[in-house]
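Undergrad: Structure for this input, please:
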Amino acid sequence: STWGSRFSLPYSLIAAMHGSRMAINAIGNRHHFGLSGVSFDLDSAYHYYRRAADVYISDRLEHDRLHVHVEWVRLTDPEAIREQTKEDGSLIKWMKYQSKQGIAEAQNRLARMLFWGSGGVRRNLEAAARYYEMQAQPDNPVGMYDYGVLLYRGQGTKENKHKGLNHWEKSANKGNPDAMSALGWHYMMEEKDYVKAARYLTNAAKKGNSDACQNLGWLFGSGLHPDTHGQGDNIAAYKWYMEGALLGNIDSASALGTGYRFGLGLVPRDVVMAVSWLRWVSEMNVEGGLVLREGLDAYMAKKWPQALMYYMMAAETGIEVGAFNMAYLCETNHNLIASTNIVKDCVWNYYNQSVHATWPHSYAQVKMGDCYWMSLSPGCQSERSSTIAAALYHKAALQNNSRALYSLGQMLEMGEAVPNSVFQSLGIRGNDQSLIENVYHRCRETPPTKGTPVDSYLICSLALLRVYWLTVWDAYKLIIITALSIAIGLFLTVALGGVKNRRRRLAVDENMLDDDDQTT
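TA: A predicted model of the protein is given here:
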């Protein structure tokens with residue numbers, strides 16, 4: 001209730017004052033969307049998200065044993081769920097066996113799980129270091145780099161910067177961009193050799209390394225890049241921050257939040273974008289990661305009420321995957337853990353929350369599109385709007401969601417006004433019937449979306465076949481009707497002729513039998 005939500009606000013504020021990451025994020029989320037008796041205020045949302053983002057970036061550097069890597073595992077993705085395990089699980093035992101046999105892939109995967117505390121495994125830097133050391137062979141540049149990181153920082157093993165640098169150099173010489181970026185960072189922060197730093201970082205950034213993009217942004221912004229001649233260059237800095245953020249770099253995304261808030265460099269002042277970028281960073285907080293882990297463990301153990309509780313906690317703090325999984329749990333409603341009325345509200349509210357995230361999943365966008373177009377999903381609480389539905393399907397289609405393409409084709413067939421710009425942005429051309437055919441053809445050729453339980457190949461193929469048939473029917477209707485009429489007439493003539501011939505034969509046979517009887 002509204003009263004209950006307002007009553008909870010003081011407790012959230014007290015928890016935030018004591019450093020609760022989830023509480024800080026929750027208050028920012030309330031201001032972001034004007035939820036639970038809190039006024040819609042993007043400036044306040046920005047400050048709370050800014051605080052949550054800064055705390056997360058600080059937490060990330062600590063490598064506390066209790067921290068877990070924030071994994072956005074969606075309950076619609078069975079493959080991702082199968083990859084989750086426990087420390088005594090069969091998957092871990094198998095990877096340990098393969099690691100002892102010298103299988104580099106198993107060594108790397110096990111080391112990363114132990115280093116970050118991912119996949120359901122508790123963080124253990126010492127154990128991670130042992131597996132990283134196993135794979136640090138001359139023919140394995142990734143392994144050389146990873147073990148070099150631990151040596152350089154002294155994480156899980158004795159610190160040895162010289163040996164760590166030696167590993168990075170060998171890895172970089174084999175073309176590993178991660179090692180190039182690490183060397184660039186070393187020359188930038190430790191040696192203060194900005195010429196070498198810029199060279200290594202530029203080469204790594206060209207190969208798509210997000211950390212290199214972040215550090216190049218810092219070099220340009222601080223005026224330390226050789227090309228700036230001592231003058232800060234925010235235009236170049238935020239160009240690199242943007243590239244780093246789009247590649248998933250947390251620090252670059254945080255910098256972009258600041259850039260959009262104050263209009264720095266090429267980035268215009270836009271508080272909406274500032275809030276969106278910082279929200280994404282703040283969702284990675286370690287407390288949220290623990291709650292998501294508990295929710296997933298409960299789900300895998302088929303403890304539905306506990307899973308519902310943990311995902312609700314994550315959703316109410318504004319974590320997108322928490323809202324997504326909460327909606328999916330209500331939609332599937334295992335063992336009828338929630339009443340029908342609660343399920344309807346839950347599905348609508350949490351999928352609706354999910355689609356308003358910085359990067360929503362296409363499955364949620366399709367679900368909300370169904371609500372706005374045909375009220376196909378349970379609990380839809382919106383007025384019908386083909387315009388909003390088309391926009392949601394369009395966003396999902398841009399993520400290569402075949403189900404969204406199918407829905408756009410259906411809208412065209414039913415005469416809904418879908419803007420041409422939607423199909424132009426998808427690279428689909430055509431007029432009237434040919435446009436519908438091309439949409440269904442794209443739908444059929446689009447592979448299943450990760451985290452989406454429905455494969456649309458069959459329904460898209462059937463839809464395309466139906467459109468082809470209707471096209472042929474419209475073009476050759478008279479000929480088809482005439483041909484069918486002739487075929488039916490010939491069939492009836494042949495059939496009736498056959499019946500008459502059979503009757504004659506029967507009559508002849510009967511006469512022959514009568515003659516035989518008389519002769520006898």
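
Undergrad: buried residues in stretch 434-452?
TA: Buried residues in stretch 434-452, counting neighbours by 16 or more other C-beta atoms under 10 Å, are found at 435-444, 446, 449, 451-452. The C-beta positions use only the backbone N, C-alpha and C, and glycine is treated the same way.

Undergrad: and of the residues you listed, the nearest to D43?
TA: G451 (33.9 Å; C-beta to C-beta).

Undergrad: that older thread, from the buried residues of stretch 434-452, pick the one nearest G119.
TA: When those are compared against G119 (criterion: C-beta to C-beta), the nearest one is G451, at 17.0 Å.

Undergrad: Tell me the helix or strand right after the helix or strand encompassing I92.
TA: Taking DSSP states H and E as the criterion, I92 maps to helix 90-100. Next in sequence after helix 90-100, counting helices and strands by DSSP H and E, comes helix 104-116.

Undergrad: Tell me the secondary structure at A26.
TA: Assigned by DSSP: H, G, I helix; E, B strand; the rest coil, the conformation of A26 is helix.

Undergrad: Just the pLDDT for it.
TA: Note for A26: predicted pLDDT of 91.

Undergrad: Contacts only, for it.
TA: S12, E316, T317, G318 (C-beta atoms under 8 Å, 6 or more residues apart in numbering).

Undergrad: at 10 Å instead, please
TA: 8-9, 12, 15-16, 20, 35-36, 38, 48, 52, 288, 313, 316-319 (C-beta atoms under 10 Å, 6 or more residues apart in numbering).

Undergrad: Nearest spatial neighbour of E83, chain-adjacent residues omitted?
TA: G119 (6.3 Å; C-beta to C-beta, 6 or more residues apart in numbering).

Undergrad: What number of residues are in the vicinity of the one you found?
TA: Number of residues near G119 (other C-beta atoms under 10 Å) recorded here: 24.

Undergrad: Quick check: phi and psi on it?
TA: The phi/psi pair for G119 (degrees, to the nearest 10) reads phi 70, psi 20.

Undergrad: Is it in contact with A111, as I believe?
TA: No: contact criterion C-beta atoms under 10 Å: G119 and A111 do not qualify, at 11.7 Å.

Undergrad: Between those two, which contacts overlap?
TA: Common neighbours of G119 and A111 (C-beta under 10 Å, 6+ apart) are M95.

Undergrad: which residues in the stretch 401-520 of the chain form helices?
TA: 402-413, 420-425, 433-445, 457-475, 477-519 (DSSP state H, counting those that start in this stretch).

Undergrad: Minimum distance to P138: which of the ones you listed has it?
TA: Smallest distance to P138 across the helices of the stretch 401-520 of the chain (C-beta to C-beta): 43.0 Å, for helix 433-445.

Undergrad: mind checking which helix or strand M312 is in?
TA: With DSSP H and E as criterion, M312 is part of helix 304-316.

Undergrad: got the CA coordinates for whichever strand or helix holds N349 in CSV?
TA: Using DSSP H and E, N349 sits within helix 340-355. The C-alpha trace of helix 340-355 is given here as CSV (Å, rounded to 0.1, in the frame of the first residue of the first chain):
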residue,chain,number,x,y,z
THR,A,340,-4.4,-14.9,-9.3
ASN,A,341,-4.9,-11.2,-8.5
ILE,A,342,-1.4,-10.8,-7.1
VAL,A,343,0.0,-12.6,-10.1
LYS,A,344,-1.7,-10.3,-12.6
ASP,A,345,-0.4,-7.2,-10.8
CYS,A,346,3.1,-8.7,-10.3
VAL,A,347,3.6,-9.6,-14.0
TRP,A,348,2.5,-6.2,-15.2
ASN,A,349,4.4,-4.1,-12.6
TYR,A,350,7.7,-5.9,-12.8
TYR,A,351,7.9,-6.3,-16.6
ASN,A,352,7.0,-2.7,-16.8
GLN,A,353,9.8,-1.8,-14.4
SER,A,354,12.2,-4.0,-16.4
VAL,A,355,11.6,-2.2,-19.7
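
Undergrad: V439 is in contact with D432, isn't it?
TA: No: using C-beta under 10 Å, V439 makes no contact with D432, being 11.8 Å away.

Undergrad: intersection of neighbour lists for those two?
TA: L412.

Undergrad: Please report how far the nearest residue to H167 once chain neighbours are set aside lies from A136.
TA: Closest residue to H167 apart from its sequence neighbours, by C-beta to C-beta, 6+ apart: G148 at 3.1 Å. To A136, G148 is 8 Å away according to C-beta to C-beta, to the nearest Å.

Undergrad: In terms of neighbours, single out the busier of the two.
TA: G148 (28 against 23).

Undergrad: which helices and strands sit right next to the helix or strand that that one is a member of?
TA: Assessed by DSSP H and E, G148 sits inside helix 141-153. On a contact count with 3 or more C-beta pairs under 10 Å, 6 or more residues apart in numbering; DSSP states H and E, helix 141-153 meets helix 104-116, helix 125-135, helix 161-173, helix 177-186.

Undergrad: ok now it, how far from the chain's centre?
TA: 29 Å (C-alpha atoms, centre = their mean, to the nearest Å).

Undergrad: and the angle for that helix with helix 125-135?
TA: 140 degrees (axes from the mean of the first three to the mean of the last three C-alpha atoms, to 10 degrees).

Undergrad: Buried residues in helix 141-153, which are they?
TA: Buried-residue list, helix 141-153, by 16+ other C-beta under 10 Å: P141, V142, G143, M144, Y145, D146, Y147, G148, V149, L150, L151, Y152.

Undergrad: How about the secondary structure of F220?
TA: F220 is classified as helix under three-state DSSP.

Undergrad: What count of nearby residues applies to it?
TA: Neighbours of F220 (other C-beta under 10 Å): 25.

Undergrad: if I pick it, what's in contact with it?
TA: Going by C-beta under 10 Å, 6+ apart, F220 touches 198, 227-228, 231-241, 265.

Undergrad: what's the distance between it and L256?
TA: Distance from F220 to L256, by C-beta to C-beta: 14 Å.

Undergrad: And for Q107?
TA: Taking C-beta to C-beta, one finds Q107 at 36 Å from L256.

Undergrad: Low-confidence stretches in this protein?
TA: Across the chain, the ranges flagged by pLDDT under 70 are 1-7, 63-69, 85-89, 337-341, 375-382, 450-455, 473, 480, 498-500, 502-520.

Undergrad: quick one, phi psi at the most centrally placed residue in it?
TA: Central residue of the chain (C-alpha atoms, centre = their mean): H361, 5.0 Å from the mean position. Reported as degrees, to the nearest 10, the phi and psi values for H361 are phi -80, psi 150.

Undergrad: burial measure for M242, as a count.
TA: Applying other C-beta under 10 Å, we find 20 residues neighbouring M242.

Undergrad: for it, what are its contacts?
TA: Here M242 is in contact with C213, G217, S252, A253, A255, L256, G259, G265, L266, V267 (criterion: C-beta under 10 Å, 6+ apart).

Undergrad: 8 Å - rerun?
TA: Contacts of M242 by C-beta under 8 Å, 6+ apart are S252, L256, L266, V267.

Undergrad: And the furthest pair within these?
TA: Counting by C-beta to C-beta, the most remote pair of the contacts of M242 is S252 and L266, 13.8 Å apart.
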